[in-house]
Every structure is written in C-alpha cells, then in structure tokens.
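>>> when you get a sec, could you give me coordinates for this:
(chains A and B)
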Amino acid sequence: MAEQTKEYRATLKPEGVRGKSIRKDELREVPHVTSRPNAKYAWAAGVAMSRFLDELKEGRIVGRKCRKCARVLVPPRMFCERCYRQTDEWVELPGTAVIETFAVSYLDTDANRIKEPILVGVVDLDGAPPHCGFMHYFDEMSPDEIHIGMPVEAVWKPKEERDGAITDIRYFRPRRK
Amino acid sequence: MSNRDVAVIGVGYTTFQALTPDVNWKEMMFEAASEAYEDAGLDPRKDVDSFITCAEDFWEGFSIFDEFTPDQLGAVLRPMHTVSGDGLQGLASAYMLIRSGLCDIVAVEAHSKISELLTFEGVVKLSFDPVYEAPLFETAHPYAAAGLEMRSYLEASGTTEEQCAAVAAQHKRNAFSNPIAGFAARIETDDVLDSGYLFDPLKKLEIAPRADGSIVIVLASGDVARRYAKPVYLEGIGWSSDSPWIASRGSDAPYAARAAEQAYRKASIANPQKEIDFAEVDDQFAFKTLQHLEALGLARPGEAGHLAEEGALGRNGHLPVNVSGGSLGCGHLMEASGLAKALEVTLQLRGEAGKRQLSNARVGVAQSWRGVPHGTGAVAVFSRRD
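Residues are numbered from 1 along each chain as shown, chains lettered A, B, ... in the order given. You can find the predicted model right below:
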C-alpha cells in the first residue's frame, strides 16, 4: 500500500478493523459531497400494455395470441419475441390459474425483517399455455399450504379503487369452486 | 475485395418526432428493426449473428437497460450487448465483430425516447463532475457550457454569429425534403439572429430540439454483402474521448479530429476535401457544424463559416452538409444521433434519398458528438465503391 493511501486510510479507521462498514461520524471526517438526482420520467405504456391496463380496470385479464407458436402472451405484447412477428389477436382469460413457482420473503422492500412473510410467485393462467403467466402476490394461505400446482384465483380491488395497474389485482388466493 | 470488408445491407427507421405517446420504446424499436430486416431480406432469429443497442440508462430511466433490448430486436437467447454511447460507437463495435471474423451479420440499434424524461436538465446536470462542476450548475442551466465553447470557438476561428445562424436556417430548410424530419422550418439567417440569446452567444434557434425515434442498421461481411444490389461499404471508423475537465479543453473539437484521423487511415483517405463528397456532422448547436467540419479536415480552420455564408454547404454547394436537416431539422435523437447521420449517408449512397438526393454521391462521412458536457465523438466513412 502506498504511504499516502495508508495515511488516508488511517483517517478513516484504525488499522486492523478493515472490513467493518464506515460509520456516519467517520464519513464526516473525509471531504465529500452529497447530491440527490433529479430524474423523473413518464413512460408511455404502449399499444399492448395500455389495453391491458384498461381491461384490468374492468376486472378482466387479456393477452395477445401468436398463431405461429400458439402462445398467449400475458401481459400482452404486440410482437412475439420468439417468432419475431406481430401477434395476431386479443384473448380474454378467466382469471384462474395454478401456481408455477413461489418464494416466501421474510424481508420487506427496504430489507427489514418482517413477522408475516410476503408470498410472491408466478401464476400459470388458465386459457394460456405454460410459462405465459405473470408475477404476483399470494394470500389467504400460509407458507405451509402454498405449493407448486396449487389452483388459485384473482382477488380484485373494488372497482372504484382500481386505477389501471397490475395492483388492481390485490393477490391470488386458493381457488373456491 | 477482402472477405472481411464491412457493408450496410439493411436500414430501418421510424419518423423523428417531439412526442410519441402512442407507442412504448419496445414497439418503436420493433418498427425500425422489422423494417431493417425486411430491407436486408433476412430473418433475425436465424441470420443475424450478433445484436448491439446503444443506450444510456439515465436517458431511459431504469438501470441495466441491456436486459430490456432482446425481444424487440429478435435477439432473445442470441449474442447481444449494449454500448453505453452514441450509435456510431455501436457501429464501431459491429465493425470489429465483423472484421475479426467472429460474426458475418450484425444488427445495430439506437433510439431516443427522450420525451419521457421529464427532468432533462436534471439528468444533464448529473453528467458534470459531481464534486467540482455540478455545484456550479446549481443555478446556471447546463447548456451554458455550450455557450462557453461557442464563444471560444468564435474567438479562435474568427467565425461570426451570422455564419452560425446561417447554418441553423439552412438545416431547418433542408429538413423539408426529408419526410422523417420533425422540425423543418422556413426561416432565414435573420430569424435565427432574432430568436434571442439563451446562452449568449448561443441563440434559441441554434439549439437542436429533442426528438424520439429509432434506427436500425444491419451490417455484413464483404462475402455476404456481395449478394446485395446496393451494398454501402463502411470503409473506416474511428472514435475518441477528451478529458472530462471542461476548463482544459480546446475550442477545435479535438475528439472529432482524432476520430477522423483513425477513420481516414482505415479508409485510406489522404485528402478529405478532395475525396469526400458530402457530410452529415453533429449539429446539436449550430456552431458545432462548423467546428466539426474544420476538425474533420473538410474546411480549413476559420473557413467553414465562410462556406456556410456562401451557400457552399447547401444541397447544390460543393460540400453538401446535413442535407437530411441534421439534428437542427430532424431533432436531436440523443444516442441515436450518430446512427441518424449514418442512415442519411447510406440512403444518399444508395440513391434512395428522394427529393434531397445528391448527384454523384460516392463517398460520405458521418460524425457524432455525445453532447454537453461530453468530449466524445466518432467518425465513419462510407462509400458505394462503383
């Protein structure tokens, strides 16, 4: 280590404690600047997703079918990425599904440990071939009950609370026949 | 002809517009890419060996943008990478992939969806040195940096404000002959001079307005290109970056001069003024056109302004420049700007430039600059070899 770097490091923390994270008061000892980026965006949802979000508001899930590979793309896309061609038609799906995969998250979005774990996963939607579903939450089931292949159904927000977002579906719960 | 020559075999593009709320960026790219593959007569899922996108995360608004590019280009589970730079830098990567023998066909995409960035100034500010320069731009607009450069260029070269204004008026009029240009206007030099100082000496109408759009260029090795009716050869390409310290920069766009040296050497061009028939150069600010022409050796230092004044840079002049309308007439396409220049050079060399077609266009040069506050530029030389 160069002599200058050694000196610089010594201002940060005593020798022998490398690997320890820097404390706030230690940070104040070195010259630094702080800044918060001013970066705001408004992304157009596009042709396919705009229709998808509008339909969610009405409590419907729609996809786009590619006749060549017979997949139903949900959320919908105007082109099939496998066949590289425009998709052909709109398909309405019933809102029932089976669980394709899931994870039980014990940390929240800010990495805080939480008591009640969050169930996240991927659903295989009825009316579409496998691997054509989307990610969402699961609830009204325990971490012991949840399993791959479990039949589930969408639980919607009340109509007046929907705003055309994927969170208009609150979560998927065990299917009640 | 060596089989490791590099040629353009397909181009695709959207129109260039201030706003594109009807499509998302993926749908916009799909439109340009589909057209390019149709133009080249190939299936991207089988025939294209590698794909390149030119994008900068902060323009897009989300990180690791690379991951969002395969679908709309036909590149799913295929070799694909992103160049965080201008379209001509992407073209340079494709050139290397083909020259090295690793690939025979490469697709390069660049786009702008800059209308979706609501805080343009905020993001430009982030590209200044955070410790020293950014705090100085807490009050002044970041484009004041372009004003600094224009003043030092005018001072060093003897170029006048009238000459710069003439360039802006010319480019905006040129855009009327380009159906994809978004900012054509019937204006004269006086209109530009009267448009008001924003960053004295830089005036309002001398600043290219931002636009959305996508461009895809498909390149191939000489062996593949030979099968095509109108291959346009990429004879040489070069790029260079200056130090980021604004205060230590020259007023003569040395990044463009160095990039040109490299490109001309590859293209075996000894006398650019004699051997190059027309140019599409970066014109985000009108004075940049003149500064870049001099850096490219297409005019002597201090001469470009006179050429503009005499009309020599117009479609019927002896050195047609930005007959596409340039960024001033088409709109500034962010990282796609360089690819827009390469697109126009290709269309001219193919004889497909419609109303603005130049006669006897054999060798053309495209040049890019990444914009304030950057000192990075690239140069590409194309020819039709007949």
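
>>> from here on, contacts and neighbour counts on C-alpha atoms
OK.

>>> ok and the residue in chain A nearest chain B?
residue A:46 (4.1 Å; C-alpha to the nearest C-alpha).

>>> pretty sure that residue contacts residue B:22?
Yes - Residue A:46 is within contact range of residue B:22, at 6.0 Å (criterion: C-alpha atoms under 8 Å).

>>> out of these two, which sits in the busier spot?
Comparing residue A:46 with residue B:22 by other C-alpha atoms under 10 Å in any protein chain shown, the one with more neighbours is residue A:46, at 20 against 12.

>>> how about residue B:149, secondary structure?
Three-state call for residue B:149 (DSSP: H, G, I helix; E, B strand; the rest coil): helix.

>>> quick one: residues contacting it.
residue B:251 (C-alpha atoms under 8 Å, 6 or more residues apart in numbering or on different chains).

>>> how does it look with 10 Å?
B:155, B:201, B:202, B:246, B:247, B:249, B:250, B:251, B:252, B:253, B:287, B:288 (C-alpha atoms under 10 Å, 6 or more residues apart in numbering or on different chains).

>>> what's the overlap in contacts for residue A:46 and residue B:22?
In terms of C-alpha under 10 Å, 6+ apart, residue A:46 and residue B:22 are both contacted by the residues residue B:28.

>>> hey, what's the nearest residue to residue A:126 once chain neighbours are set aside bridged with?
Residue nearest to residue A:126 in three dimensions, not counting chain neighbours: residue A:97, with 5.1 Å by C-alpha to C-alpha, 6 or more residues apart in numbering or on different chains. Judged by DSSP bridges, the bridge partners of residue A:97 are residue A:125, residue A:152.

>>> show me what the biggest helix by length in chain A packs onto, helices and strands only.
Longest helix in chain A by number of residues (criterion: DSSP state H): helix A:46-57. Judged by 3 or more C-alpha pairs under 10 Å, 6 or more residues apart in numbering or on different chains; DSSP states H and E, helix A:46-57 is in contact with strand A:61-65, strand A:89-93, helix B:25-40.

>>> point out the most buried one among those.
Ranked by mean neighbour count, the helices and strands packed on helix A:46-57 are led by strand A:61-65 with a mean of 25 (mean count of other C-alpha atoms under 10 Å in any protein chain shown).

>>> can that strand be said to contact chain B?
No - contact of strand A:61-65 with chain B (C-alpha under 10 Å from any C-alpha of the partner chain) is absent, the minimum separation being 14.3 Å.

>>> could I get the average pLDDT for that strand?
The average pLDDT for strand A:61-65 rounds to 97.

>>> pull up the pairing partners for that strand, direction included.
strand A:72-73 (antiparallel), strand A:89-93 (antiparallel).

>>> okay, those in JSON lines with mean pLDDT and distance to residue B:308 next?
Formatted as JSON lines, the strands paired with strand A:61-65 follow (pLDDT from 0 to 100; distance: least, C-alpha to C-alpha, whole Å):
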{"stretch": "strand A:72-73", "mean pLDDT": "96", "distance to residue B:308": "54"}
{"stretch": "strand A:89-93", "mean pLDDT": "97", "distance to residue B:308": "54"}
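
>>> number of residues surrounding the closest residue to residue B:56 other than its chain neighbours?
Spatial nearest neighbour of residue B:56, excluding adjacent residues (C-alpha to C-alpha, 6+ apart): residue B:84 at 5.1 Å. Residue B:84 has 16 neighbouring residues, counting by other C-alpha under 10 Å.

>>> list phi and psi for the residue nearest to the spatial centre of chain A.
Chain A has residue A:135 as the residue nearest its centroid, 6.2 Å off, counting by C-alpha atoms, centre = their mean. Phi and psi for residue A:135, reported as degrees, to the nearest 10, are phi -80, psi 150.

>>> looks like it contacts residue A:103 (just checking).
No - with contact defined as C-alpha atoms under 10 Å, residue A:135 does not reach residue A:103; the gap is 11.1 Å.

>>> can you show me the strands along chain A?
All strands of chain A, identified by DSSP state E, fall at A:61-65, A:72-73, A:79-80, A:85-86, A:89-93, A:96-107, A:113-125, A:134-138, A:151-156, A:169-174.

>>> I'd like these written out as TSV, with distance to residue B:334 added.
Shown next, in TSV, are the strands of chain A (distance: least, C-alpha to C-alpha, whole Å):
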stretch	distance to residue B:334
strand A:61-65	32
strand A:72-73	32
strand A:79-80	26
strand A:85-86	28
strand A:89-93	35
strand A:96-107	39
strand A:113-125	37
strand A:134-138	33
strand A:151-156	41
strand A:169-174	37
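
>>> can you tell me which of those strands is most buried?
strand A:72-73 (a mean of 28).

>>> who's in contact with that one?
With contact meaning C-alpha under 10 Å, 6+ apart, strand A:72-73 is reached by A:62-66, A:79-81, A:87-93, A:125, A:127-134.

>>> swap the cut-off to 8 Å and go again
Taking C-alpha under 8 Å, 6+ apart as the rule, strand A:72-73 contacts A:63, A:64, A:65, A:66, A:80, A:91, A:128, A:129, A:132, A:133.

>>> any weak-confidence spans in chain A?
Applying pLDDT under 70 to chain A picks out residues A:1-20.

>>> got the residues of it near chain B?
Proximity of chain A to chain B, by C-alpha under 8 Å from any C-alpha of the partner chain, involves residues A:32-33, A:37-47, A:78-84.

>>> hmm, try it at 7 Å
Neighbours of chain B within chain A, by C-alpha under 7 Å from any C-alpha of the partner chain: A:33, A:37-47, A:81, A:84.

>>> now for residue A:135 and residue A:103: what residues contact both?
residue A:121 (C-alpha atoms under 7 Å, 6 or more residues apart in numbering or on different chains).
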